[in-house]
Each structure stands twice: as structure tokens, then as C-alpha cells.
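Q: here is a sequence together with a model predicted from it:
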Amino acid sequence: MSKTPEKQPPDPEILTSASSDAANRDELDERDVATTQAITLPSHVAGSGALDRLVENARDYAAASTAENTNKAYAADWKHFARWCRLKGTDLLPPSPEMIGLYLTDLAAPTSEAPALSVSTIDRRLSGLAWNYAQRGFTLDRRDRHIALVLAGIKRKHARPPVQKEAILPDDILAMVATLPFDLRGLRDRAILLLGYAGGLRRSEIVSLDAGKDDTPDSGGWIEILDGGALLTLNAKTGWREVEIGRGSTDQTCPVHALEQWLHFAKIDFGPVFVRTSRDGKRALEARLSDKHVARLIKQTVLKSGIRAEFPEKERLALFSGHSLRAGLASSAEVDERYVQKQLGHASAEMTRRYQRRRDRFRVNLTKAAGL
């Protein structure tokens, strides 16, 4: 890989705007603020250079205690609640179960023009508030009647079955990779799609891979290419796990061959596996891809390949996401369910079944088995 840093246009998804208005000071990263408040020296201990470094290291570990996406979501939850409290003329601290109950009510049935949130999002918002209060030394009792009864009523009145994304099926993934060119960028994106599909990987797991163990501090795992396929060692949501990706029946459909082609022509033998390319698409750079690239890649290739062409473009885009790769493997692999469960890293078979969009329903007929 080239070691020459290249200027890249900023990723539109991560661009943020800052305001100097004091009223918007809650737009600061509350995650960092909470961590700073939570990890400090005892008041009776004098600070020193060594202790200060230990405090900083402890804060880094505390920030890593939850996934980055979870941290971002909890920070956004806190900022939203802080703004709501300011508009209502109430204080954030200490936690008030009565006000939080009203906040949940406003999320479910807004008094403003804001759209009502789903039950799952409201539940997540409450978890975010509980976490943020804990970092500040407060306990939010979710069982308090002002919270628990309101939340139970919201769930009873507004709960709906979860909306699942479409699975990418075998013919779909082949059509999608067929839309990609054979330049450097196309080789990279082909490897991303095929590896993500065959491994049943999350988009964050795909882009966090390194070529070797301990190559980078932000690594989420590494790849070993063997005669029989590729072995991925992942630091996933449920802990460390290994994912085996065997070689395909042809080079055109083989995820390991696609990975080898990308690594060879991109000259990658160290550091992040999936990186940005130069503007002319001829050189691999050092910057690791964002997981948002995987989601955009799926949507772009779905459109180009004509999948679900009977739907308008906007609906087609809404049908698919990064999870469509995992759902595709779970729905298409004709093997014993326990192998799919292991590949996806699920703790239970029930979780794996949630990803199966083409289950063989009624194979076990309890009606006939009961004598009817």
C-alpha cells in the first residue's frame, strides 16, 4: 500500500455543523463528557503525571465498554432529551421519573409537528437516558410507576411487528456483483459484497478487518487466507469468534478469490483490508472505509442490477440494508440450522430464525401430529 496520504472529499454522512450559539452547547459530544465525569481521581488523592495518564487510559477503556454505534446512539439520546428539558423549562439533573414519563409520552404522541417514534426507538431512548444518568452518578429507576406504566401503555397501544429488511438471495448477489467494473474500486466492492454475504457479516465487521493480527488499534479482527478458504477472527458484539469462508465453485462467485484479487492489486499486506481508493480509482489509500460505504454499496448495486424492479426506486432502496447480507445467508444456506447460527454468531437458534426470510414453514405440522 502506498504510504502517501491523499486528500479525500469528506464523507457526507459524517459531516456535522457546529453552532456558536450558547443555547446549542448540548450539541457537544455528551459521550465524552459523561466519560470524563465518570472516571476521575478520588478527591483525597493528589494528581500526578502518572496518575493523570492512568485516568486517561481508564477513560479510554470506559469509552470502549460499549460499541461505538451504541455510544453514538446514547449520545444522541442525551442531546435530544437535554434540548427537550430546556424547551420545557425543567432541569436535567437529578433525574425526575415524572418528567421522563412525560418525555416518553411526547415521543409516542408528539404535541409538536415531530413524527411519532416507534416503540423500539422509545425503548432505546430510555436505555440511553439510564446509561447517561449512570455515568453521572445517578440511578434512573425504570420501574418507577411514572415510567413503567407509561411505557407499558405505549407498548400496548403502539407496538407493531418489526419491519424486516429484504434478504439478498443467491441470484440477487450474483446480479449485484455483475454490475461492478473490474478496476481497483470494483475489485474492492466485489470482495466486500461476496465476503459479507458468504460470511453473514455485519457491515461494521466487514470494514473493521485487518490483513494481520494487531495491525491497527481500531481493528475489529483479521483475515488468514488458507488453502481451503479464508478464516476470519472477529471481535464481534458477542465476543471473539471465528468465521470460516470456504472457496466458491467458480472464481466469478468465490468470495476468497475476490478477496485475493483485491489484496493483490491493491498491494495490501498490512493494516485495514478495505480502504478508500484515489479519485482516479487506480491506487489504494490508507484510510479505512466507513461502514456506511457497505450500506450505500448494497443500495447502489440493487438499483443497477434491477432487483425488485416492480417497485418504485424509493421503495426498492428502503427494502435493503447492510443486514440484507446476513439475512441472505440465513435464508439461502441449505445446511443444518446450527451451522448458520454459528456463522452468524448468534447465541440462540431463535435469533437465527429471525434472519430467515424463506423458512420452510409448516414442515412440522402439529395439527396432524395432535390427531386432527
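A: Arrived safely, thanks for sending.
Q: contacts only, for Ser208.
A: Counting by C-beta atoms under 8 Å, 6 or more residues apart in numbering, Ser208 makes contact with Asp218, Ser219, Gly220, Gly221, Asn235, Arg288. (Each C-beta comes from the backbone N, C-alpha and C, glycine too.)
Q: narrow those residues to those that are buried.
A: Those of the contacts of Ser208 that meet the buried threshold are Ser219, Gly220, Gly221, Arg288, by 16 or more other C-beta atoms under 10 Å.
Q: can you give me the distance of the residue nearest to the first one when sequence neighbours are not counted to Phe270?
A: This points to Ser219. Spatial nearest neighbour of Ser219, excluding adjacent residues (C-beta to C-beta, 6 or more residues apart in numbering): Asp210 at 4.4 Å. Separation of Asp210 from Phe270 (C-beta to C-beta, to the nearest Å): 8 Å.
Q: more neighbours: the two, which one.
A: Taking other C-beta atoms under 10 Å, Asp210 and Phe270 do not tie; Asp210 has more neighbours (22 against 10).
Q: returning to what we had before: could you export the buried ones among the contacts of Ser208 as CSV, including secondary structure and distance to Lys157?
A: Output for those, formatted as CSV (DSSP: H, G, I helix; E, B strand; the rest coil; distance: C-beta to C-beta, whole Å):
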residue, secondary structure, distance to Lys157
Ser219, coil, 45
Gly220, coil, 40
Gly221, strand, 43
Arg288, strand, 44
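Q: can I get these in a markdown table with distance to Glu315 and pLDDT?
A: Output for the buried ones among the contacts of Ser208, formatted as a markdown table (distance: C-beta to C-beta, whole Å; pLDDT from 0 to 100):
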| residue | distance to Glu315 | pLDDT |
| --- | --- | --- |
| Ser219 | 37 | 91 |
| Gly220 | 33 | 91 |
| Gly221 | 35 | 94 |
| Arg288 | 32 | 95 |
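Q: tell me which of those is nearest to Pro94?
A: Nearest to Pro94 out of the buried ones among the contacts of Ser208 is Gly220 (C-beta to C-beta; 37.3 Å).
Q: surely the closest one touches Lys237?
A: No - taking contacts as C-beta atoms under 8 Å, Gly220 lies outside contact range of Lys237: 10.5 Å.
Q: with distance to Thr40 added, can I get the contacts of Ser208 in CSV?
A: Below are the contacts of Ser208 laid out as CSV (distance: C-beta to C-beta, whole Å):
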residue, distance to Thr40
Asp218, 26
Ser219, 29
Gly220, 30
Gly221, 33
Asn235, 28
Arg288, 32
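Q: skipping its backbone neighbours, what lies nearest the most centrally placed residue in the chain in space?
A: Nearest to the geometric centre of the chain sits Ser204, at 5.6 Å (C-alpha atoms, centre = their mean). In space, and not counting its chain neighbours, Ser204 is closest to Asp291: 4.6 Å by C-beta to C-beta, 6+ apart.
Q: max-length helix in the protein?
A: helix 68-88 (DSSP state H).
Q: other residues contacting the next helix or strand after that helix?
A: Moving toward the C-terminus from helix 68-88, the next helix or strand (DSSP states H and E) is helix 97-108. Helix 97-108 is contacted from outside by 81, 84-85, 88, 90, 116-117, 119, 121-122, 125-126, 129, 140-141, 144-147, 149-151, 154, 157-158, using C-beta under 8 Å, 6+ apart.
Q: go again using 6 Å as the cut-off
A: By C-beta atoms under 6 Å, 6 or more residues apart in numbering, the residues outside helix 97-108 that reach it are Trp84, Thr90, Ala116, Leu117, Ile122, Asp144, His146, Ile147, Val150, Ile154, His158.
Q: hmm, which of the residues you listed are the buried ones?
A: For those, buried by 16+ other C-beta under 10 Å: Trp84, Leu117, Ile122, Asp144, His146, Ile147, Val150, Ile154.
Q: same list, these, but as JSON lines with secondary structure, distance to Leu194 and pLDDT please.
A: Converted to JSON lines, the buried ones among the contacts of helix 97-108 look like this (DSSP: H, G, I helix; E, B strand; the rest coil; distance: C-beta to C-beta, whole Å; pLDDT from 0 to 100):
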{"residue": "Trp84", "secondary structure": "helix", "distance to Leu194": "45", "pLDDT": "95"}
{"residue": "Leu117", "secondary structure": "coil", "distance to Leu194": "36", "pLDDT": "91"}
{"residue": "Ile122", "secondary structure": "helix", "distance to Leu194": "38", "pLDDT": "94"}
{"residue": "Asp144", "secondary structure": "coil", "distance to Leu194": "50", "pLDDT": "94"}
{"residue": "His146", "secondary structure": "helix", "distance to Leu194": "51", "pLDDT": "95"}
{"residue": "Ile147", "secondary structure": "helix", "distance to Leu194": "46", "pLDDT": "95"}
{"residue": "Val150", "secondary structure": "helix", "distance to Leu194": "47", "pLDDT": "95"}
{"residue": "Ile154", "secondary structure": "helix", "distance to Leu194": "42", "pLDDT": "94"}
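Q: farthest pair in the residues you listed?
A: Greatest spacing in the buried ones among the contacts of helix 97-108, by C-beta to C-beta: Leu117 and Asp144 (20.8 Å).
Q: the chain: strands as residue ranges?
A: Ranges of strands in the chain, per DSSP state E, are 209-210, 221-225, 229-236, 239-246, 275-277, 284-288.
Q: winner for burial among those strands?
A: Between these, strand 209-210 has the highest mean count of neighbours, a mean of 23, where neighbours are mean count of other C-beta atoms under 10 Å.
Q: that one: how far from the chain's middle?
A: 16 Å (C-alpha atoms, centre = their mean, to the nearest Å).
Q: and it, what other elements does it pack with?
A: Packing partners of strand 209-210 (3 or more C-beta pairs under 6 Å, 6 or more residues apart in numbering; DSSP states H and E): strand 221-225.
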